[in-house]
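Chemist: just need the structure, nothing else, for what follows:
(2 chains)
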There are 2 protein chains.
Amino acid sequence: MSLRVAVVGCGTVGSQVVRLLTTQGDDLAARAGERLELVGVAERDPSRVTSLGVDASLVTDDAAGLVTRADIVVELIGGIEPARSLMLSAMASGASVVTANKALLAADGPTLYDAAAAAGVDLYYEAAVAGAIPVVRAVRESMMGDKVRRVLGIVNGTTNYVLDTMTTDRLDLDTAVADAQRLGYAEADPTADVEGYDAAAKAAILASLAFHTRVSLDDVSREGITGLTSDDVAWAERTGHVLKLLAVAERLDEGVSVRVHPALVPLAHPLAGVRGAFNAVFVESEAAGPLMFYGQGAGGVPTASAVLGDVVAAARHRVSGGRAPAESVYADLPVLSPEAAVSHFQIRLDVADKTGVLATVAAVHAAAGVSIESVRQTPGGDGLAHLVITTHAATEAARRATVAALTDLDVVDRVVSVIGVEGAEG
Amino acid sequence: MSLRVAVVGCGTVGSQVVRLLTTQGDDLAARAGERLELVGVAERDPSRVTSLGVDASLVTDDAAGLVTRADIVVELIGGIEPARSLMLSAMASGASVVTANKALLAADGPTLYDAAAAAGVDLYYEAAVAGAIPVVRAVRESMMGDKVRRVLGIVNGTTNYVLDTMTTDRLDLDTAVADAQRLGYAEADPTADVEGYDAAAKAAILASLAFHTRVSLDDVSREGITGLTSDDVAWAERTGHVLKLLAVAERLDEGVSVRVHPALVPLAHPLAGVRGAFNAVFVESEAAGPLMFYGQGAGGVPTASAVLGDVVAAARHRVSGGRAPAESVYADLPVLSPEAAVSHFQIRLDVADKTGVLATVAAVHAAAGVSIESVRQTPGGDGLAHLVITTHAATEAARRATVAALTDLDVVDRVVSVIGVEGAEG
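Modeler: Residues are numbered from 1 along each chain as shown, chains lettered A, B, ... in the order given. Predicted structure coming up:
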């Protein structure tokens, strides 16, 4: 007996999955409880597959036919279609599905979860969030007896690399992005990364898992790193923070807030030490307290490792028999509008350098119901002073009202930047 | 229908498990797929249980009877007997078992794994290593498609707290231990923690999981933190390291090396930032690369969270039907003697402050086949100099030979300390 494994898509990750499946056969068989037999690879360019030592007879361009004659289908073509149709067809014909397709899960996860439940098969997607880091399984299985309060994730390695080099090597944003492109950390068109789209898809998946609620990409408010300057980085350091692009999923009294934005992280927070292109997900839950999962978020081999882990898990499940338990999307909490998000924030202002300005500025905060945690004033030249105000927790709505009122003040020359602070105490 | 859950032992962790089982019933039912019915708590002191609002009729002192009439048995009495007999009896009568018993798993894990496999039931023990941190599931399930090379763990919160306050507050060891005792981080008799016995048990469990090999407590070489001085801490800092008590499990060509000892960790390593009583486990594997899992390693509520996660996983497995897959202890690599362990190390020496000493010392290293990475020499007064030598990777046998030869040199006044360096590059 053996289990039939089909791989759809043989790009960076797929080729590593095929390589591991064919070279680690004995080890995988020992772990899975049965041999995993590669029954086909759907790929338009056969040389990509045959160059891995796979027999040409196993390569097909008929993905739709392939997925109905396997026990486990590994979907690695990405995008919405034909990936969705192939996965639905695979599950309908009784196959378990393993995927790394964050775009599809973020856009239409519930359709897939429902199909898996209806067919009684496993749908695993560890590699869709934070590459090699087993955070999906941790939240999905280990924390099943617990209630997650908040997830803070560095889930995009490109932007973390860019912000890290801006901090460490004092580069400006454009130079840092160009560096990342040269080193292969960023694509020629870096939009999906630097504008936060990639992180937003992962935020939707993490929020769905953590809160057992249907969260899609459209529910995620999103701000990328393209507005950040060397000055923002320098001020982050001066005030004891480091700038990170964070995916935030939070359970509030009224529902769930899910967002992606640049954030100031206090230096003592475990996320502050996540360097280079590494990823990390920080989870706060009621009973377990804070947990952090750290590792490589991208790359063919690390991502293939997560895919293989899922393949073995699905295989073991089939070997042991039994129906896959339904995905627990049972809570269906309301997903709140961006205005409901709550965080500390830091405003930097150029103001007139004269007595009484601080009182005026403080009054504006008070009127919006925003409590100030600290103020730092430095002379700026040209009759201006630079004010850095850090607030206690306030809603996004209150933050906007504050910024609007500050902009209207005669004594305020310019609101230089407004950045959320995440991971602060209190 | 519901699943019958029995809890054996109602101490710090057990009482939190019972509290969560009785107060989070609806949530747990949604996650497990069926209601979890607490059918009994075995505890000598009934008031511990009834004070949690549990009906007195559910409390029993007949643990042996209780474990045979449950679907899931949660063992939280600890120690070898009667815990082992109760777990074997529970599994023989068809119950899945969840335990936090690191002592028993380290001493006699294979007996339990075999019994679970024979009975076709689940045996889960997430809480036995690093409390709330889901590292057991990560290594056991997520990394099934990968090969682990090395595990470095800060798995004892007490010693991490002690070393952290020695570093941050410049305390000596005794004061730091007394502090930890006052704050409840250390027990009145701190031997199990400071001598590394607790960490060694967890190292044995982690090594068994990571290498699919039977590793017991007796296989773990162990050195605690009681030999460390404020001077060691200060020199760690001066050379860009921080002192940690590490559990190390490594796959070498000839087999597996498992040990617990104080180690110098480079400041840039993710483990260096693990502060206070927190735990973290750093796993290096072939495909996934480096991964780190961070969180609370002890405490009633965090540990209970890990136990509940296991209970829900076992429940889902029973609800979905099917036999539990056998634990994969299939590799059975040889466990190497302490002499085979390989690491960088740092030697501090008081030597005669005269020309030619460094050459003599270097020659001793070369004779033992140990390559020197760096040397730092500072005047020490009384005609002595202080030498800090950091080496490249060398076996423990070569390290011992080097130290013995150095001790015999006329120009060496004293070998002050020898500490391994873990997590260094190259």
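Chemist: quick check on the residue of chain A most remote from its centre: phi, psi?
Modeler: Distance to the chain centre peaks in chain A at residue A:355, reaching 45.4 Å (criterion: C-alpha atoms, centre = their mean). For residue A:355, the backbone dihedrals (degrees, to the nearest 10) come out as phi -60, psi 140.
Chemist: how close does it get to residue B:185?
Modeler: 50 Å (C-beta to C-beta, to the nearest Å). C-beta here means a position set from N, CA and C on the backbone, and glycine is covered the same way.
Chemist: what does residue A:10 give?
Modeler: Distance from residue A:10 to residue B:185, by C-beta to C-beta: 52 Å.
Chemist: residue A:350 pairs with what?
Modeler: residue A:386, residue A:414 (DSSP bridges).
Chemist: ok, the residue of the stretch 1-150 of chain A found nearest chain B - how many residues close by?
Modeler: In the stretch 1-150 of chain A, no residue comes nearer to chain B than residue A:145, which is 2.5 Å away by C-beta to the nearest C-beta. By other C-beta atoms under 10 Å in any protein chain shown, 29 other residues sit near residue A:145.
Chemist: what of residue A:267?
Modeler: Other residues close to residue A:267 by other C-beta under 10 Å number 13.
Chemist: let me see the backbone angles for it.
Modeler: phi -60, psi -30.
Chemist: what does the model give it for pLDDT?
Modeler: Note for residue A:267: predicted pLDDT of 92.
Chemist: contacts only, for it.
Modeler: A:240-242 (C-beta atoms under 8 Å, 6 or more residues apart in numbering or on different chains).
Chemist: check the gap between it and residue A:424 for me.
Modeler: Distance of residue A:267 to residue A:424, computed by C-beta to C-beta: 11 Å.
Chemist: low-scoring pLDDT stretches of chain A, where are they?
Modeler: Judged by pLDDT under 70, chain A has its weakly predicted residues at A:142, A:322-330, A:426.
Chemist: on that earlier part again, how close does the residue farthest from the centre of chain A sit to chain B?
Modeler: 41 Å (C-beta to the nearest C-beta, to the nearest Å).
Chemist: one more: residue A:336?
Modeler: In terms of C-beta to the nearest C-beta, residue A:336 sits 21 Å off from chain B.
Chemist: which of residue A:10 and residue B:185 has more neighbours?
Modeler: Legend: neighbour count by other C-beta under 10 Å for residue A:10 and residue B:185, higher for residue A:10 (26 against 21).
Chemist: would you map the helices across the stretch 51-200 of chain A?
Modeler: Using DSSP state H, counting those that start in this stretch, the helices of the stretch 51-200 of chain A run over residues A:63-66, A:83-92, A:102-119, A:135-140, A:157-168, A:173-182, A:191-194, A:197-211.
Chemist: tell me the most buried of those?
Modeler: For the helices of the stretch 51-200 of chain A, the largest average neighbour count (mean count of other C-beta atoms under 10 Å in any protein chain shown) is found in helix A:197-211, namely a mean of 27.
Chemist: any residue of that helix touching chain B?
Modeler: No. Legend: contact between helix A:197-211 and chain B by C-beta under 8 Å from any C-beta of the partner chain is lacking; minimum distance shown is 11.9 Å.
Chemist: which neighbouring elements make contact with the longest helix anywhere in chain A?
Modeler: In chain A, assigned by DSSP state H, the helix with the most residues is helix A:300-320. If you count contacts as 3 or more C-beta pairs under 8 Å, 6 or more residues apart in numbering or on different chains; DSSP states H and E, helix A:300-320 packs onto strand A:2-8, helix A:12-23, helix A:25-32, strand A:35-42, strand A:72-75, strand A:96-99, strand A:123-124, strand B:289-296.
Chemist: contacts for the last one, please.
Modeler: Put plainly, it is strand B:289-296. So strand B:289-296 is contacted by A:132-134, A:270, A:288-296, A:299, A:301-302, A:305, B:130-135, B:138, B:157, B:270-271, B:274, B:277-285, B:302 (C-beta under 8 Å, 6+ apart).
Chemist: CA atoms only: put it into CSV for me.
Modeler: Extracted in CSV, the C-alpha atoms of strand B:289-296 (Å, rounded to 0.1, in the frame of the first residue of the first chain):
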residue,chain,number,x,y,z
GLY,B,289,16.3,26.4,8.8
PRO,B,290,16.2,28.1,12.3
LEU,B,291,13.0,28.2,14.2
MET,B,292,12.3,29.6,17.7
PHE,B,293,9.4,29.1,20.0
TYR,B,294,9.1,31.5,22.9
GLY,B,295,6.7,31.8,25.9
GLN,B,296,6.0,31.0,29.5
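Chemist: any idea how far chain B is from residue A:258?
Modeler: From residue A:258 to chain B the distance is 21 Å (C-beta to the nearest C-beta).
Chemist: residues in contact with that residue?
Modeler: A:203-204, A:207, A:215, A:219-221, A:248-250, A:335.
Chemist: next one: residue A:424
Modeler: A:266, A:344.
Chemist: which SS state does it fall under?
Modeler: Assigned by DSSP: H, G, I helix; E, B strand; the rest coil, the conformation of residue A:424 is coil.
Chemist: how about the residues of the stretch 101-250 of chain A by chain B?
Modeler: Near chain B, when you scan the stretch 101-250 of chain A using C-beta under 8 Å from any C-beta, you find A:126, A:132-134, A:137-138, A:141-147, A:212.
Chemist: quick one: end-to-end distance for stretch A:289-304.
Modeler: Counting by C-alpha to C-alpha, to the nearest Å, you get 30 Å between the two ends of stretch A:289-304.
Chemist: in that stretch, what counts as buried?
Modeler: Neighbour-count burial for stretch A:289-304 flags A:289-304 (criterion: 16 or more other C-beta atoms under 10 Å in any protein chain shown).
Chemist: and the furthest pair within those?
Modeler: A:289 and A:300 (34.6 Å; C-beta to C-beta).
Chemist: give me the residue from the stretch 151-300 of chain A nearest chain B.
Modeler: residue A:287 (3.4 Å).
Chemist: that residue and residue B:22, how far apart?
Modeler: In terms of C-beta to C-beta, residue A:287 sits 14 Å off from residue B:22.
Chemist: the more surrounded of the two?
Modeler: Set residue A:287 next to residue B:22 and count neighbours by other C-beta under 10 Å: residue A:287 wins out with 26 against 16.
Chemist: for residue B:287, see how far away residue A:25 is.
Modeler: For residue A:25, the distance to residue B:287 - C-beta to C-beta - is 15 Å.
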